[in-house]
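Chemist: let me see the structure of the following:
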Amino acid sequence: MNRRRRLFILGAFLLALLLIWAGGWRMARAGEDGDWRKALEVMVLVKLHYVDPVSLLDLLKGYMEKGTINGMLAVLHDPYTRYLDPRAYQEMKIDTTGEFGGIGIYVGANKERQIIVVAPIEGTPASRAGIKAGDIIVAIDGRSTEEMS
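Modeler: So this is what the prediction gives:
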C-alpha cells in the first residue's frame, strides 16, 4: 500500500472517530441513534467516488450544521446527489423500472372531443406505419373512441 493511501485511510479513521464522538453526542441529544453511522458511510462513499474532489471537513461541517445526511450532501451544490433511506430507494426503483409499450404517439383531443394524434414518436411503430399529426383515432381494437376521454 502506498504512502498516500495509508495517509488517506488514517485520515478517514481519525475523521470517523471525530464524527463518532461529535455526531454521536449530537444525535443522542436529538434522539436519532445510528444516523451518524450512515453519515460516516455516505461521507466515505462521496469522498471515494464523487466526480469532483470533496473535502471531508466540508462534509463534516455540513453534517454538523444541518444534522442530516442530505444537509451534509448540500455542500456539494449538486441537485442530483441526495441520500435515500432504504424505503425511499425501493420506491424510486419501482417508479423508474419496467417496460413501456404502445404504438408511439402523443394524443390529445380536438374541439369535437375526438382523439387526435398530436405527434408520432420517431422510430416507433406509429411513425413506421405512416401515422401523422392531426390524424383522428376513430377506433381502438375495433372499439369506437367516441365516448373515450
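Chemist: give me the neighbour count for Thr145.
Modeler: 16 (other Cβ atoms under 10 Å). Glycine gets a C-beta too; all of them are placed from N, C-alpha and C.
Chemist: list the buried residues of stretch 68-80.
Modeler: Within stretch 68-80, the residues that count as buried by 16 or more other Cβ atoms under 10 Å are Ile69, Met72, Leu73, Ala74, Val75, Leu76.
Chemist: what's near enough to touch the last one?
Modeler: Taking Cβ atoms under 8 Å, 6 or more residues apart in numbering as the criterion, Leu76 is in contact with Val46, Tyr50, Asp52, Val54.
Chemist: out of these, list just those in helices.
Modeler: Val46 (DSSP state H).
Chemist: ok, the contacts of Leu76 vs Arg6, which is closest?
Modeler: Val54 (19.9 Å; Cβ to Cβ).
Chemist: surely the closest one touches Leu45?
Modeler: No. Using Cβ atoms under 8 Å, Val54 is not in contact with Leu45; the gap is 10.3 Å.
Chemist: which one's more surrounded, the two?
Modeler: Val54 (17 against 11).
Chemist: now Gly102, nearest residue through space, not along the chain?
Modeler: Thr124 (7.9 Å; Cβ to Cβ, 6 or more residues apart in numbering).
Chemist: confidence-wise, which helix or strand of the chain is lowest on average?
Modeler: helix 3-30 (a mean of 67; mean pLDDT, DSSP states H and E).
Chemist: this protein: helices as residue ranges?
Modeler: 3-30, 35-49, 56-66, 69-73, 86-96, 125-128.
Chemist: most tightly packed of the ones you listed?
Modeler: helix 69-73 (a mean of 20; mean count of other Cβ atoms under 10 Å).
Chemist: so for that helix, mean pLDDT?
Modeler: Across helix 69-73, pLDDT averages out at 92.
Chemist: please shift the residue numbers so they start at 372 in all later answers.
Modeler: With the count now opening at 372, the last piece we talked about shows up as helix 440-444.
Chemist: from the middle of its chain, how far away would that helix be?
Modeler: Relative to the centre of its chain, helix 440-444 is centred 15 Å away, using Cα atoms, centre = their mean, to the nearest Å.
Chemist: just checking, what packs against that helix?
Modeler: Packing partners of helix 440-444 (3 or more Cβ pairs under 8 Å, 6 or more residues apart in numbering; DSSP states H and E): helix 406-420, helix 427-437.
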